[in-house]
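Asks: Below is the sequence, then the predicted model.
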Amino acid sequence: MPKLPVLSGPQAVRVLESFGFELVRQRGSHMVLRRGSSGCVVQNHKELRTVTLAGILKQAGVSIEDFLSMVSNAKGTDQEILLSQLDDSVFREALSVLESYTKDPELRHAYDMRVKLQAHDK
């Protein structure tokens, strides 16, 4: 059996959406997807264990080989296209913040101040 990658719950959902699944509801950390009469439940975690991902794929009726093919095809695309297809604005902001943390301590301070102001305004 091929080795499954470690993915987050939202990443797994994005790949499953490319197979025609749609997110129909979410309750807590469980995201319910549906494709026709079949469905599956994906946990909204930072990392899904590979055995959990295998169970999700079995529940969804997607073969591991097809899933890996879809993931590898996504990795082979241009980075900007991949970002526009797979990532949301929150992820983009988090990525830019992490990049700024590693590059410039002053930017980190500015971001921390912005977060404090936003928390204060709420």
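Replies: Right, received. Where do you want to start?
Asks: the helices in the chain, which residues?
Replies: 9-17, 50-60, 64-75, 79-86, 89-103, 105-121 (DSSP state H).
Asks: rank those by mean pLDDT and give me the bottom one.
Replies: Per-stretch averages of pLDDT across the helices of the chain put helix 79-86 at the bottom, with a mean of 49.
Asks: List the contacts of residue 7.
Replies: Counting by CB atoms under 8 Å, 6 or more residues apart in numbering, residue 7 makes contact with 15, 47, 48, 53, 71. All C-beta spots, glycine's among them, are computed from the backbone N, C-alpha and C.
Asks: how close does the second one sit to residue 7?
Replies: Looking back up the chat, that one is residue 47. Residue 47 sits 8 Å away from residue 7, going by CB to CB, to the nearest Å.
Asks: Please apply the same query to the fourth one.
Replies: If you measure residue 53 against residue 7 using CB to CB, the figure is 7 Å.
Asks: try the third one
Replies: With distances taken as CB to CB, residue 48 is found 6 Å from residue 7.
Asks: and residue 114, how many neighbours?
Replies: Per other CB atoms under 10 Å, the neighbour tally for residue 114 reads 11.
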